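**Q** pasting the structure only:
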Ligand code: 26V
């Protein structure tokens, strides 16, 4: 591709698509035209990739996930195809503003947070490493809700991201499959074998929409297949409608389509709603049927299935892939139980992403059984056989067997099914994997020690550095060459420039410019003027008690109290930046958002503190906003209660953009510390060991903290005594959680060491050479947190897949 050719093709494409000349074009028409051109170009590579995969017959992996938090795709695709420069120049000649066109694309927000974004980074790395790996998910009509802040409160609005269509997807109506719900299972005999006949079920049509996932400047184009729920014409027109029951027919259609209507927005709380279970089965049944159809069509033998196909389940949400694969092999392919079980466990691998007990999935047996009668029978049989083995091993230890059973206390325990029915179980950071083995899943670890392993998370440096921070990327290339673009471990070469003051000056300038850009965004969106010379201290993530936004806020209140007492207090000016969404039904988290706004109101207006402190909340945190914040951040707040954050991935995005982590010894923070060394990170607070000991033995009293530390007493009292510009009882629930509910997440216990950690940040920042050296050291060591490293480990350690070279 070159500029002249691009211009010609673009104008032609525009005219054929829109039947008018470019002078009459709306910005959206221009966006669509560019999208269609990119898609056409990728299509050729896509076809070629698929042909190569078929011809070479190598093993492929399918990543099953209820969430893919992709963000925008157009600029990404331009960069990966190496078209960005050409398009920029061509558009300049056509007087089209590329940045504006790119901004028209809605974020594909089909995820809640860490788990969904990880799936998107993994797809990016699979394609960029030329690995044959594809995503399977749901094409939600509405993505994660849009957050509006009204009077300091979060309000949720729908996210109609498909309103203008989606240029990247291709609907494959001919590849639709049927998914069955409800009904009854009748047993019959056939050739001396029991067969299972599923009758009187409802059928939902699953229609796939495929999007290309192009690799970074290579020829690989993998597939993300998202399923949409529709009624079969048969059901809609003939059975119900012909009975003259028009209203019920419409209602039925609506019910079926509701399966792919919305993404559930609560990511740390198991809700037990039937629609969510329907979504989960819909995803795995449709995906498995299509994988097996295709596998057989290409001549594959089912006995070889697990040598040719790996299926990974992203948390337990797609765990019904285990009984569904059993069902297909046994009921439809006439295989015996033992062989089906062998193939199923050899095919499936599972990642756990959370240890919060309230997020562990379980479904009431009666609900499960009536929705999925045949699947229930299979789960029951899996449970019988598993428990039988346990009886032999543990003789009469009923308590232990009960704790491990898949069916127990009236529930189906999804994590138990995942461990029993897969060959690999991994956590997402070293500490998290250890906690799984030693605590949460200790019984299972005793039975299946060989299944357990760790795969520390990672992030794609292409989106989170090359795309989001182009000036830093350019400086890195100018300094160490371009090898790092394809191999992020090369970033370590930057360590040779740790003491290079010219280089550090450039690092400073880039950060400063990024801060200026963010300052403008902040002023545009909130009207708040922030000082670009102040320390940008950032906490952006889901709002949750265990992530402890409250700890950050209590420290801000303490600083504010000190400044009011002594406006000349010797601290460097700070800007505290927050963003994040609360689950719609999570009252405490919503009140935390209100508290951030209340403090911002109070503090930003108070001229007596001489602009030393500003508090900002940016609404509607999403991938695109994140891409603007990370490059401008200086302090990365990673302050979860130790043992609670499985890994965290925002911590890695900050580090890669040169921010210093202020964090607890939790999740991947520990590995960041190991990578950069203690002098290049600021650690505080209880260790996981200490936290777990408190949970086990008791002995923590929040009231003791209140009485022992006068700062805590003052601040907590200010929450409820009318000091804040809000209704007097507004923050009573936050106050009660910290005191009357004995501070479940040890906010007060860690307060004092958190304050000290901030003092240390203040000192370090006060010595620019030292701070910049730390910043360089963090960037240099961030290569280990590339999702390319993570995916290589999954590929060789779990999936047993190899790269497939796709030619021009
Ligand atoms: C759970 C549920 C519960 C039922 C309703 C819908 C729903 C949706 C998502 C989830 C799972 C959330 C788990 C999660 O996001 N964990 C995060 O995973 C990141 C990637 O591994 C990791 O970095 C974070 O530490 C971890 O909190």
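**A** Yes, it's here. Bear in mind that the values here come from a model prediction, so they are computed numbers and not experimental data.

**Q** on the pLDDT front, check the closest residue to the ligand within the stretch 201-350 of the chain for me.
**A** Going by C-beta to the nearest ligand atom, the ligand is nearest to residue 267 of the stretch 201-350 of the chain, at 3.8 Å. C-beta coordinates here come from the backbone N, C-alpha and C atoms, glycine included. The predicted structure scores residue 267 at 79 on the pLDDT scale.

**Q** now residue 474
**A** Residue 474 carries a pLDDT value of 98.

**Q** just checking, it is part of a strand?
**A** No. Assessed with DSSP: H, G, I helix; E, B strand; the rest coil, residue 474 is helix; it does not lie in a strand.

**Q** what's downstream of the helix or strand of the chain at the bottom of the mean pLDDT ranking, the next helix or strand?
**A** Least confident helix or strand of the chain, by mean pLDDT, DSSP states H and E, is helix 233 with a mean of 65. Where DSSP states H and E defines the elements, the next helix or strand beyond helix 233 is helix 246-257.

**Q** for that following helix, which helices and strands make contact with it?
**A** Secondary-structure packing of helix 246-257 (3 or more C-beta pairs under 8 Å, 6 or more residues apart in numbering; DSSP states H and E): strand 202-214, strand 221-230.

**Q** what do you get if the cut-off is 10 Å, keeping everything else the same?
**A** Helices and strands touching helix 246-257, by 3 or more C-beta pairs under 10 Å, 6 or more residues apart in numbering; DSSP states H and E, are strand 202-214, strand 221-230, helix 274-297.

**Q** distance of whatever residue of the chain ends up closest to the ligand relative to residue 288?
**A** The shortest separation between the chain and the ligand is 2.9 Å, found at residue 114 (distances taken as C-beta to the nearest ligand atom). In this structure, residue 114 and residue 288 are separated by 26 Å, where distance is defined by C-beta to C-beta, to the nearest Å.

**Q** distance of residue 470 relative to residue 787?
**A** Taking C-beta to C-beta as the criterion, residue 470 is separated from residue 787 by 20 Å.

**Q** show me which of the two is the more surrounded one.
**A** Set residue 470 next to residue 787 and count neighbours by other C-beta atoms under 10 Å: residue 787 wins out with 29 against 14.

**Q** got the contact list for the more buried one?
**A** Residue 787 makes contact with 118, 120-126, 128-129, 457-464, 488, 649, 652, 794, according to C-beta atoms under 10 Å, 6 or more residues apart in numbering.

**Q** just give the number of residues close to residue 2.
**A** Residues contacting residue 2 under the criterion other C-beta under 10 Å number 9.

**Q** and what of residue 760?
**A** Applying other C-beta under 10 Å, we find 13 residues neighbouring residue 760.

**Q** excluding sequence neighbours, find me the nearest residue to it.
**A** For residue 760, ignoring the flanking residues on the chain, the nearest one in space by C-beta to C-beta, 6 or more residues apart in numbering is residue 682 at 5.3 Å.

**Q** quick check: angle from the helix or strand encompassing residue 389 to helix 274-297?
**A** When secondary structure is defined using DSSP H and E, the element that contains residue 389 is helix 373-394. The directions of helix 373-394 and helix 274-297 differ by 90 degrees, with axes from the mean of the first three to the mean of the last three C-alpha atoms, to 10 degrees as the criterion.

**Q** close to the ligand: what parts of the protein are there?
**A** The chain comes close to the ligand at residues 112-115, 118, 264, 266-267, 270-271, 315, 353-354, 359, 428, 457, 645-649, 667, as judged by C-beta under 6 Å from any ligand atom.

**Q** which among those residues count as buried?
**A** 112-115, 118, 264, 266-267, 270, 315, 353-354, 428, 457, 645-649, 667 (16 or more other C-beta atoms under 10 Å).

**Q** hang on, residue 508 in a helix?
**A** Yes. Looking at residue 508 with three-state DSSP, it is inside a helix.

**Q** hang on, isn't it packed against residue 768?
**A** Yes. Under the criterion of C-beta atoms under 10 Å, residue 508 is in contact with residue 768, at a separation of 7.0 Å.

**Q** flag every buried residue along the helix or strand hosting residue 185.
**A** If you go by DSSP H and E, residue 185 is part of strand 184-190. Of the residues in strand 184-190, residue 185 count as buried by neighbour count, 16+ other C-beta under 10 Å.

**Q** for the stretch 601-750 of the chain, which segments are assigned as helices?
**A** Ranges of helices within the stretch 601-750 of the chain are 623-629, 650-656, 669-676, 688-697, 702-708, 710-720, 732-738, 747-765, based on DSSP state H, counting those that start in this stretch.

**Q** among these, which is the most enclosed?
**A** Relative to the other members of the helices of the stretch 601-750 of the chain, helix 650-656 carries the highest mean neighbour count by mean count of other C-beta atoms under 10 Å, namely a mean of 29.

**Q** tell me what it is packed against?
**A** Contacting helix 650-656 under the criterion 3+ C-beta pairs under 10 Å, 6+ apart are the following elements: helix 114-128, helix 461, strand 535-540, helix 623-629, strand 635-638, strand 660-663, helix 669-676, helix 768-780.

**Q** the ones you listed: which one's closest to residue 424?
**A** Each of these was checked against residue 424 via C-beta to C-beta, and the shortest separation belongs to helix 114-128, namely 15.3 Å.

**Q** what lines up beside the helix or strand just after the closest one in the sheet?
**A** Elements were assigned by DSSP H and E; along the chain past helix 114-128, the next helix or strand is strand 133-138. Its sheet considered, strand 133-138 pairs with strand 60-64 (parallel), strand 221-230 (parallel) by DSSP bridges.

**Q** before we move on, back to that, now the residue of the chain closest to the ligand. Nearest residue, chain neighbours left out?
**A** That would be residue 649: by C-beta to C-beta, 6+ apart, it lies 5.5 Å from residue 114.

**Q** the residue of the stretch 201-350 of the chain closest to the ligand: which element?
**A** Under the assignment given by DSSP H and E, residue 267 is not contained in any helix or strand.

**Q** now do the same for the nearest residue to it once chain neighbours are set aside: its pLDDT.
**A** Spatially, and ignoring its direct neighbours in sequence, residue 267 is nearest to residue 112 (3.8 Å; C-beta to C-beta, 6+ apart). On pLDDT, residue 112 comes in at 98.

**Q** ditto for residue 236
**A** The pLDDT attached to residue 236 in the predicted structure is 61.
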